[in-house]
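In: okay, here's the prediction I keep looking at, along with the sequence it came from:
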Amino acid sequence: MLTNHPMIDVGIAVIVSHFDLDDPADVTKEQLKEFAQYLEKTYSSPYFHSFLSVLFPNSAYVNPTMKEERKREALDEVLYGFLKDEEGSNGTCSFCGQPSHFRAFRQHVPLLTGEGLINFFPSRRTGLEICPYCLLAVQAFPLGSLKISGQAFFVHADDFNVTIELAHRFKLMNEQNALLKEAKASPDMKYPKTQFIRQFLEVDRFLKYEEPEGSVTIYHLTNYGTNADISMYHLPVQILSFVYDMKSAAFYQTWQQMAHDAWGVPSKKGKKGEKGTQSFNLPNRLYEDLFDLPAGYASFIRTHLVEGAIRRYKSLLNGKEKDILHYWEIGKHLMKEVVQVREEKIEEIKQMADRLVEYLLKTDDHHFFQRFYHLRNRNKYVEYEELRNLFIKANNHAIRHGANLDQSWELPITFDQFINVFEQWEDPYEGNWQVGRDLILIRMMEQLYEKKWFTRHREILKESEPEEDENQLEKEEA
Ligand SMILES: [Zn+2]
């Protein structure tokens, strides 16, 4: 029976997946016995000896001083308790409400107190009541967890299919580790958030199901010595669903490219990782930053979409890559699904970018593009003013250019558009004009590239800012 307790539910998922079932209710008592025997054997490997000493310190699995007889007794208690027919019941299981005859301490269930400590228990009764089924499930959860930075990492999702799939995946990896002669030979994994997204994206079996429902929580815990600790990372449903959507054909290749760019980004200490290598012990900035969404969306767009797109266009201009670029589409999807900005707003941003592109194609005002492009590196207190000036100049330029050619001319920016795109951000995450500017830049670059404008202005994406030359601009406008 599922309990909504992460350790127990992951343990149940491990047992269910061991017999290739979907529903915990289908597991028989015979199968439970078979599984307990399997677990006992697997846990006696060097890899699990090291892993379990962190999760169940002083337990029968890892305590070298425990006498053989006492060890057998302890294993029977935690793994095979469900085979005993106990008379009456002392209490009820704290997790599922079934009769319980056992009180658990930290060597049986991680993060509880040790024997003899009366803190946090009522009526001086120590230990936590737990039934043999839940106890077996707790014993099973490490098999469905990964050892990351020496701690257990496991995933508990609202959608039990997701919990099963990941527990199953981690179980297969652990079964390989259990075959190793030395615990040290197993891969040294770090960065739980990165590992989660990686695994989540790689699980193809999800495609069998509908899109996952609900959110997930990732746990990273140790029960070791005096440093017992737990970290939890929550990924709400809209972000999980966004990541899931990235597997669709429309986004997949661009997303892969973004992920590739984000491996091994230099750490804060300035130590450089190996760029572009997918290692077990490097963080992926893209994956890590997903956990800061939706609140951190502005910086997400800047780091992964704007800078990513710029990098791509630069290499495209050098003829290095094929043009598979859906940065704008991903940005749009993010704004709609994760930030939940109203659709008209996104449409307004797109329209403004398209009008600016039209303006550039007609006037070839590369100074405008260059200045707009470099605004992203300026001090944020002065750049808004620059942005406004830039648009006023563009409008002036358009009017003069249009007048010269004696044709009716639509202004690149109207007052209403400016207000709608840069001023009126009604999202709850303090969106501002910089997000508008970044999204416009992404869309403009995409359009300009498609219309081959960059091939006429190859130098334009250079990082050094052009010298401010007001005179030249005035001359052009005159
Ligand atoms: Zn129970």
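Out: Noted; the coordinates are in hand.

In: how far is the host helix or strand of Glu34 from where the chain is centred?
Out: Glu34 belongs to helix 29-42 when assigned by DSSP states H and E. Helix 29-42 sits 34 Å away from the centroid of its parent chain (Cα atoms, centre = their mean, to the nearest Å).

In: ok, and what's touching the next helix-or-strand element following it?
Out: Next in sequence after helix 29-42, counting helices and strands by DSSP H and E, comes helix 46-55. The contact list for helix 46-55 (Cβ atoms under 8 Å, 6 or more residues apart in numbering) reads 42-43, 59, 61-62, 110, 142, 147, 150-152, 174, 177-178, 180-183, 186, 221-224. To be clear about C-beta, it is placed using only N, CA and C from the backbone, and glycine gets the same treatment.

In: near the ion, which residues of the stretch 251-400 of the chain show up?
Out: Within the stretch 251-400 of the chain, no position is adjacent to the ion by Cβ under 5 Å from the ion.

In: OK, now which residue of the stretch 301-450 of the chain is nearest to the ion?
Out: When scored by Cβ to the ion, the stretch 301-450 of the chain has Val338 as its residue closest to the ion, at 37.3 Å.

In: roughly how far apart are that residue and Val216?
Out: For Val338, the distance to Val216 (Cβ to Cβ, to the nearest Å) stands at 15 Å.

In: repeat for Glu344
Out: As judged by Cβ to Cβ, Glu344 and Val216 stand 32 Å apart.

In: which residue of these two possesses the greater neighbour count?
Out: Val216 (22 against 9; other Cβ atoms under 10 Å).

In: tell me what the more buried one is bridged to.
Out: Under DSSP bridges, the beta-bridge partners of Val216 are Ala157, Leu235.

In: what's the domain layout of this protein?
Out: Listed by automatic domain parsing, the domain ranges of the chain are 6-237, 292-477.

In: quick one: end-to-end distance for the longest one.
Out: The distance separating the two terminal residues of domain 6-237, taken as Cα to Cα, to the nearest Å, comes to 17 Å.

In: does that domain reach the ion?
Out: Yes. Domain 6-237 reaches the ion (Cβ under 5 Å from the ion) through 93, 95-96, 98, 131, 134.

In: and Gln256, how many neighbours?
Out: Neighbouring residues of Gln256 were enumerated by other Cβ under 10 Å; the total is 14.

In: can you list the residues that contact the helix or strand hosting it?
Out: Assigned by DSSP H and E, Gln256 belongs to helix 252-261. Contact with helix 252-261 is made by 246, 276, 284, 286-287, 304-305, 308, 311-312, 324-327, 329-330, as judged by Cβ under 8 Å, 6+ apart.

In: next secondary structure element downstream of that helix?
Out: Next element after helix 252-261 (DSSP H and E): helix 285-290.

In: packing partners for that next one?
Out: Helices and strands touching helix 285-290, by 3 or more Cβ pairs under 8 Å, 6 or more residues apart in numbering; DSSP states H and E, are helix 192-202, helix 252-261, helix 297-300.

In: just the CA trace of the last one, in CSV.
Out: Once side chains and other backbone atoms are set aside, the C-alpha atoms of helix 297-300 remain, and they are given as CSV (Å, rounded to 0.1, in the frame of the first residue of the first chain):
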residue,chain,number,x,y,z
TYR,A,297,13.3,32.8,-15.3
ALA,A,298,14.9,36.1,-16.3
SER,A,299,18.4,34.9,-15.6
PHE,A,300,17.5,31.5,-17.2
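
In: still on that earlier bit, just the contacts of helix 46-55: which are in helices?
Out: 42, 174, 177-178 (DSSP state H).

In: follow-up on the earlier one: buried subset of the contacts of helix 252-261 as a ChimeraX selection?
Out: A single ChimeraX command is used to select the members of the contacts of helix 252-261 judged buried by 16 or more other Cβ atoms under 10 Å:
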select :246,284,286,287,304,305,308,312,325,326,327,330
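
In: of the contacts of helix 252-261, which pair is most distant in space?
Out: Using Cβ to Cβ, the pair of those lying farthest apart is Gly276 and Glu329, separated by 23.6 Å.

In: my read is Ser231 is in a strand, agree?
Out: Yes. Under DSSP: H, G, I helix; E, B strand; the rest coil, Ser231 falls within a strand.

In: skipping adjacent residues, who's closest to it in space?
Out: Once flanking residues are discounted, Ser231 sits nearest to His220: 4.5 Å by Cβ to Cβ, 6 or more residues apart in numbering.

In: cool, Ala36 as well?
Out: In space, Ala36 is closest to Leu79, 4.2 Å off (Cβ to Cβ, 6+ apart).

In: pretty sure that neighbour contacts Ala137?
Out: No. If you go by Cβ atoms under 8 Å, Leu79 and Ala137 don't touch, sitting 11.0 Å apart.

In: of these two, which one has the most company?
Out: Applying other Cβ under 10 Å to Leu79 and Ala137 shows that Ala137 carries more neighbours, namely 28 against 24.

In: who's in contact with that one?
Out: Neighbours of Ala137 in contact, by Cβ under 8 Å, 6+ apart: 7-9, 11-12, 15.

In: I'd like the residues you listed as JSON lines, with neighbour count appended.
Out: What follows is those, written out as JSON lines (neighbours: other Cβ atoms under 10 Å):
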{"residue": "Met7", "neighbour count": "27"}
{"residue": "Ile8", "neighbour count": "26"}
{"residue": "Asp9", "neighbour count": "25"}
{"residue": "Gly11", "neighbour count": "28"}
{"residue": "Ile12", "neighbour count": "27"}
{"residue": "Ile15", "neighbour count": "24"}
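
In: of the residues of domain 6-237 next to the ion - the most surrounded one?
Out: Cys134 (29 neighbours).

In: please name the residues that touch Tyr61.
Out: Tyr61 makes contacts with 43-44, 48-49, 52-53, 75, as judged by Cβ under 8 Å, 6+ apart.

In: gap between it and the ion?
Out: Look at Tyr61 and the ion: by Cβ to the ion, to the nearest Å, they are 21 Å apart.

In: same thing with Tyr233?
Out: Distance, Tyr233 to the ion, using Cβ to the ion: 27 Å.

In: quick one: neighbours of that residue, just the number.
Out: By other Cβ under 10 Å, the residues close to Tyr233 number 17.

In: ok, for it, nearest residue in space, not its chain neighbours?
Out: Ile218 (4.4 Å).

In: for that neighbour, phi and psi?
Out: phi -110, psi 130 (degrees, to the nearest 10).

In: that one contacts Ala157, correct?
Out: No. Using Cβ under 8 Å, Ile218 makes no contact with Ala157, being 9.5 Å away.

In: which of the two has more neighbours?
Out: A count of neighbours by other Cβ under 10 Å puts Ala157 above the other of Ile218 and Ala157, at 26 against 23.

In: so which of the helices and strands packed on helix 285-290 is the most packed in?
Out: Across the helices and strands packed on helix 285-290, averaging neighbours per residue (mean count of other Cβ atoms under 10 Å) puts helix 192-202 on top, at a mean of 20.
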